[in-house]
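> 3D model of this:
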Amino acid sequence: MIIDIHCHPALKSYLFENSLFSVNLQDEHKSVREVNYLRLQTDIPNMKRGGLRAAISAHYIPEVGLMHESTLIKMGSSSLSLFWRSLKEKLEMEDSGQSVFEQTLESIRIFELKIISAQMDSEVVTCAHSFEEFHKLLNEDKIVFLHSVEGAHSLGRSHIPEDHLRNLDILFDKGVCMLTLGHFYDNDLVSPTEGIPPLQRRLFDKHTHKDLTKGLSPIGEIVVRHMIEKGMLIDLVHSTPIARKRIFEINDEYKGNKRPLVFSHSGVQKLFVNEAYPSDKYYSPDTEEILKIKDCNGLIGIVFMNYWLTGKDDRFLKYEPAMDYVYQTIKVIHTVTNSFDNIAIGTDFDAMNNPSDDLFNHSFLPKLVEYLDMKGI
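Down below sits the predicted model:
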């Protein structure tokens, strides 16, 4: 049974809703090596072909900082085309408060309608809203989606802890099983590492320096404790190392009641080499963090993006297969933990990024399984 713990069909469903580029889960989107941001990688035909039984679909509202920094987005949003106007409405709103939270709820609503549409088209697909329901639906031989949210800005930017806790509870009741605390910009809870590869940063004219000395905020500590007590998974990807250290410490305080923590889509620092951008390695866990993940029975989801696996940022320049990079990452984690129990896949498919050439949708998963089997895993 294969489960993808981080992908983004909900993002494209939300961004392109009511546009010429609207996507449907039941439609087959034939991928080609060249990147096409308007196609789904996570569609049901490819999931079936790849033997994928479940996926955690991340809801992400593009942060307002992207509008401030990206000349490309500014130019597009000023266009008179209906597509750009509808797309701009999907970005985090400047007047914020509760609006970004309401947008997140709308993203969940739209994605569940996409699942219903696929069901009406005779697809055996559904959405689980609890741990018990998830296991029941898997036993019924259905493809199961779960909700997660990427970026705690989705809880709002009110700087009032009670607002964040209330909104978190609402998301949990909607079936959101995991929250990625950080993303591209500071939010009320945490500060981020760099999360965009250099070539794409230049494409988007994005130059903001990430301050890795910032950690978990006082509001972040309150929300983290609430998540541990409630049972919502905490995703450490995108958060600074100092914030991650504090989250591990808080979790350890719960002793026998501590929760599994997750890096949902990352590589490992040991394999990341980039002399021009050395601090980008902090996106992924180091050896000590890998051991901490083992200690709390957590997971590291291996991302299918060569940059975060190796530090090589030449995706646009030449063919660059990734199966061996995935294997090398598995080997590092296994060497540290002496176990495969803490290893998962978190493809990050449909995140508007550049997938690896030999792993650019879920239909390629059997080839990866064959490759790993050949390598003795």
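> can you map out the helices along the stretch 151-300 of the chain?
161-173, 198-203, 218-230, 241-253, 287-295 (DSSP state H, counting those that start in this stretch).
> Look at the closest residue to residue 340 other than its chain neighbours and tell me its secondary structure.
On the basis of C-beta to C-beta, 6 or more residues apart in numbering, the spatially nearest residue to residue 340 that is not a chain neighbour turns out to be residue 334, at 6.0 Å. Just so you know, the C-beta spots here come from the backbone N, C-alpha and C atoms, and that holds for glycine as well. Under DSSP: H, G, I helix; E, B strand; the rest coil, the three-state class of residue 334 is helix.
> returning to what we had before: where among the helices of the stretch 151-300 of the chain is average confidence lowest?
The stretch with the lowest mean pLDDT among the helices of the stretch 151-300 of the chain is helix 198-203, at a mean of 77.
> just checking, what packs against that one?
Packed against helix 198-203 by the contact rule (3 or more C-beta pairs under 8 Å, 6 or more residues apart in numbering; DSSP states H and E) you find no helix or strand.
> And residue 105, how far from residue 235?
Here the distance between residue 105 and residue 235 works out to 19 Å (C-beta to C-beta, to the nearest Å).
> Repeat that for residue 115.
Per C-beta to C-beta, residue 115 is found 22 Å from residue 235.
> These two - which one has more neighbours?
Comparing residue 115 with residue 235 by neighbour count (other C-beta atoms under 10 Å), the higher total belongs to residue 235, at 29 against 23.
> Tell me the spacing between the more buried one and residue 121.
According to C-beta to C-beta, residue 235 stands 31 Å off from residue 121.
> can you check residue 154 too?
Counting by C-beta to C-beta, the gap between residue 154 and residue 121 amounts to 30 Å.
> So for stretch 143-150, mean pLDDT?
98.
> For residue 115, give me its contacts.
For residue 115, the residues meeting the contact criterion (C-beta atoms under 8 Å, 6 or more residues apart in numbering) are 25, 125-127, 145.
> Please produce TSV containing these, extended by secondary structure and distance to residue 362.
What follows is the contacts of residue 115, written out as TSV (DSSP: H, G, I helix; E, B strand; the rest coil; distance: C-beta to C-beta, whole Å):
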residue	secondary structure	distance to residue 362
25	coil	12
125	strand	13
126	strand	17
127	strand	17
145	strand	13
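> Quick one, which of the residues you listed are buried?
Buried positions within the contacts of residue 115, assessed by neighbour count (16 or more other C-beta atoms under 10 Å), are 25, 125-127, 145.
> for the stretch 51-200 of the chain, which spans come out with low pLDDT?
Filtered on pLDDT under 70, the stretch 51-200 of the chain yields the residue ranges 69-86, 94-98.
> Count the residues that sit near residue 44.
The local packing count at residue 44 equals 23, with neighbours defined by other C-beta under 10 Å.
> Touching, it and residue 121? I think so.
No: the criterion here is C-beta atoms under 8 Å, and residue 44 misses it with residue 121 at 9.0 Å.
> what sits in contact with each of these two?
Common neighbours of residue 44 and residue 121 are listed as residue 26 (criterion: C-beta under 8 Å, 6+ apart).
> how close does the nearest residue to residue 214 once chain neighbours are set aside get to residue 198?
Nearest in space to residue 214, with sequence neighbours left out and distances taken as C-beta to C-beta, 6+ apart, is residue 191 at 3.6 Å. Residue 191 sits at a distance of 20 Å from residue 198 (criterion: C-beta to C-beta).
> which of these two has more neighbours?
For residue 191 versus residue 198, neighbours defined as other C-beta under 10 Å are more numerous around residue 191 (23 against 16).
> any idea how far residue 41 is from that one?
Between residue 191 and residue 41 the computed distance is 30 Å (C-beta to C-beta).
> same question, residue 307
Distance from residue 307 to residue 41, counting by C-beta to C-beta: 17 Å.
> Equivalent analysis for residue 61, please.
In this structure, residue 61 and residue 41 are separated by 20 Å, where distance is defined by C-beta to C-beta.
> Over to residue 54?
16 Å.
> So which of those two has more stuff around it?
residue 41 (25 against 19).
> Surely the more buried one and residue 11 touch.
No: in this structure, residue 41 is not within contact of residue 11 by C-beta under 8 Å, at 11.1 Å.
> Return every residue with contacts to both of the two.
Residues within reach of residue 41 and of residue 11 at once, by C-beta under 8 Å, 6+ apart, are residue 350.
> Can you spell out which residues form a bridge with residue 300?
residue 263, residue 343 (DSSP bridges).
> Now do the contacts for it.
Residue 300 sits next to 262-263, 266, 268, 285, 290, 293, 333, 342-344 when contact means C-beta under 8 Å, 6+ apart.
> tell me which of the residues you listed is nearest to residue 138?
residue 344 (15.5 Å; C-beta to C-beta).
> Could you measure from that closest one over to residue 7?
As defined by C-beta to C-beta, residue 344 lies at a distance of 12 Å from residue 7.
> Which one of these two is surrounded by more residues?
Counting neighbours by other C-beta under 10 Å for residue 344 and for residue 7 shows that residue 7 has the greater number, 30 against 21.
> surely that one meets residue 46?
No: the pair residue 7 / residue 46 is not scored as a contact, 11.0 Å apart, by C-beta under 8 Å.
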